[in-house]
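Undergrad: Any chance you could fold what I've pasted below:
(one chain, ligands or ions: 2)
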Amino acid sequence: MPKAPIVEMRDIEKSFHGVKALNGLSMDLYPGEVHCLVGENGAGKSTLIKVLTGAHLPNRGTIIVDGVEYPHMTAALSKKLGIGVVYQENLLVPWMSVVENIFVGQEMSRLGVMRHRDEVRRAQELLEKLGLKLKLNQMVANMSVSDQQFLKIIKAISMEPRILIMDEPTSMFNATDAGKVLDLVRRISKQGVSVIYISHFLKEVKQIADRITVIRDGKSIRTYDNRGGDVELDSVVSDMVGRSATMFYQKEQYEIGGTAFEVKDLRVTPDGEPVSFDVRRGEILGVAGMVGAGRTEIANAIFGVRRKYGGRILYEGKELQIKSPRDSVRHRIAYITEDRQKLGLNLNAPVVENLTEVGMQTTIPGFFIRVRNLIPLVRGIIDGLKIKLTSPMMAARNLSGGNQQKVVLGKWLFSNSDIFLFDEPTRGIDVNSKAEFYRVMTELAKEGKTIIMISSDMPELISISDRVMVIAKGRIVKILEKDEISENSIIRYALEVHTA
Ligand SMILES: Nc1ncnc2c1ncn2[C@@H]1O[C@H](COP(=O)(O)OP(=O)(O)OP(=O)(O)O)[C@@H](O)[C@H]1O
Ligand SMILES: [Mg+2]
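TA: Numbering: from 1, shown residues only. Ligands and ions are numbered 1, 2, ... in the order given. Reported below is the predicted structural model:
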């Protein structure tokens, strides 16, 4: 690295209630480089970013930008220094439009008058430049999670940062959309913008990183030079978990039962084509498709989040009347949604309350229980999924992004359901914890539960599914049997370019 670093962080320490999230961490960033940060859930990646952007004040350590030391970084100062950030959390204003969200906090004013038309024009330019399509006047609350994610990225880029930080920017995306983000990162780093990029997709990291730093337990463990794109990922994973490990999960083989769950002629829209499929006892049915193919809509309709326009749902030959999510829970269906921050968690409530919320409803209705007394019941889940927390009484809000997701998974696992609908269950979850989750899911299947798993993660679909149902434009294009499942076949059917 020839030039001087644009950012240096030295010996940063940050504690929350006496627990060290960052423990003497140092890193630097050179002009025009893409520096990727990787590490397990709760390692300290997002906290480090928040220290750099002035969202958290560190207890100790030095921040240097352009050779100048900033003992008291603030959000306003970091913005002024040209630091732009796409946070892991969704901080968009749901009741505002796309344009309003891009420019909130940076309204273009001339003589104090807001220039809505200028803003629309600038927003259009940005979208074109990035090759994206979004309806500018649409309200954010009505947008898909992936479009919201694109909006977060556009908002950060609109400020023309010199240093761009992206925390898990592609965890909401399928391969095509993730590719757009990677192209964007390459493009802006060529223009001289320096990028800090956090991701659990190590293959993605390998593609774009100039350097990769592994963070573990609030410390920087090792920095790899990846300018040749030849870093050994197994070695990176081992550094992440602190022992030797591999990236691949090997599913156990076991006997699958007869048909258990049936969806017959389900209509998701008034004039849509009916959808029919069944899932066997002990089976994991993968559901593949491009974002927007209609997979989530089908899951929403089954669970009762969204209206059905006809069709029947049966379990063990018996028809289930499902008009609302509450009906589903009564019929022992669990639904782990893709938009976890909005639908899955009560962020202000303690972790233990979140974990027991559904389970308690189904087992002891109408009883008022002190949450603290429930802690022993959830210990197994916390340990099993390796949820990193200081106490089960801590608010879910204070968990790291990945650990929040594990709580959503955990609460449904605790619910003792028969049918599990997972929508992108392992987004934002580190490789090691993914394997833990697959293990838990396989256990459920072995007990005879029925599992439907929507996923855009190819290795996951291929290694975990017994069959893969491919959806395009709201229709089932193909159901692939175990020996037909491959990345190639899934993509061909999802894009409807198959011949035969
Ligand atoms: N406001 C807070 N209060 C208490 N603890 C916190 C707070 N913010 C973060 N932590 C803790 O600090 C640790 C590091 O969290 P951080 O969000 O930096 O992890 P991360 O590496 O970004 O993980 P992930 O991959 O899951 O996003 C975690 O144990 C988390 O629970
Ligand atoms: Mg994080």
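Undergrad: what about the helices in the stretch 1-150 of the chain?
TA: For the stretch 1-150 of the chain, the helices defined by DSSP state H, counting those that start in this stretch cover 45-52, 75-80, 98-103, 116-130, 145-158.
Undergrad: residues touching the nearest residue in space to Glu8 that is not next to it in sequence, list them.
TA: In space, and not counting its chain neighbours, Glu8 is closest to Ile64: 4.1 Å by Cβ to Cβ, 6 or more residues apart in numbering. C-beta coordinates here come from the backbone N, C-alpha and C atoms, glycine included. By Cβ atoms under 8 Å, 6 or more residues apart in numbering, the contact list for Ile64 reads Pro5, Val7, Glu8, Met9, Arg10, Tyr70.
Undergrad: Include neighbour count when you put these into JSON lines, please.
TA: Formatted as JSON lines, those follow (neighbours: other Cβ atoms under 10 Å):
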{"residue": "Pro5", "neighbour count": "19"}
{"residue": "Val7", "neighbour count": "22"}
{"residue": "Glu8", "neighbour count": "17"}
{"residue": "Met9", "neighbour count": "22"}
{"residue": "Arg10", "neighbour count": "15"}
{"residue": "Tyr70", "neighbour count": "16"}
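Undergrad: wait, which of the residues you listed is closest to Trp412?
TA: Lowest distance from Trp412 to the contacts of Ile64 (Cβ to Cβ) belongs to Met9, with 38.1 Å.
Undergrad: If the closest one is in a bridge, with which residues?
TA: Beta-bridge pairing for Met9 (DSSP bridges): Met27, Ile63.
Undergrad: repeat for the one 5 residues further on
TA: On DSSP bridges, the residues paired with Lys14 through beta bridges are Leu22.
Undergrad: Report pLDDT for it.
TA: We have a pLDDT of 97 for Lys14.
Undergrad: Compute the number of surrounding residues for it.
TA: Using other Cβ atoms under 10 Å, Lys14 is surrounded by 22 other residues.
Undergrad: can you check Glu255 too?
TA: For Glu255, using other Cβ under 10 Å, the count is 8.
Undergrad: Run a quick check on it versus Gly282, I expect a contact.
TA: Yes: using Cβ atoms under 8 Å, Glu255 is in contact with Gly282, at 7.0 Å.
Undergrad: Would you tell me which one of the helices of the stretch 1-150 of the chain is buried the most?
TA: Highest mean neighbour count among the helices of the stretch 1-150 of the chain (mean count of other Cβ atoms under 10 Å): helix 45-52, with a mean of 25.
Undergrad: for the record, mean pLDDT for it?
TA: 96.
Undergrad: swap in stretch 294-307?
TA: 92.
Undergrad: that older thread, list just the nearest of the contacts of Ile64 to ligand 1.
TA: Taking Cβ to the nearest ligand atom as the measure, ligand 1 lies nearest Met9 of the contacts of Ile64, at 13.7 Å.
Undergrad: where does the residue in the stretch 301-450 of the chain that ligand 2 sits nearest to land on pLDDT?
TA: Ligand 2 sits closest to Gly401 of the stretch 301-450 of the chain, with a gap of 4.1 Å, by Cβ to the ion. Confidence at Gly401, expressed as pLDDT, is 87.
Undergrad: tell me the contacts of the closest residue to it other than its chain neighbours?
TA: Distances taken as Cβ to Cβ, 6+ apart place Gln88 nearest to Gly401, at 4.4 Å, with adjacent residues excluded. Neighbour list for Gln88: Ser46, Asp167, Glu168, Ser171, Ile198, Gly401, Gly428 [criterion: Cβ under 8 Å, 6+ apart].
Undergrad: Now for these: which two are most distant?
TA: For the contacts of Gln88, and using Cβ to Cβ, no pair is farther apart than Ser46 and Ser171, which are 12.3 Å apart.
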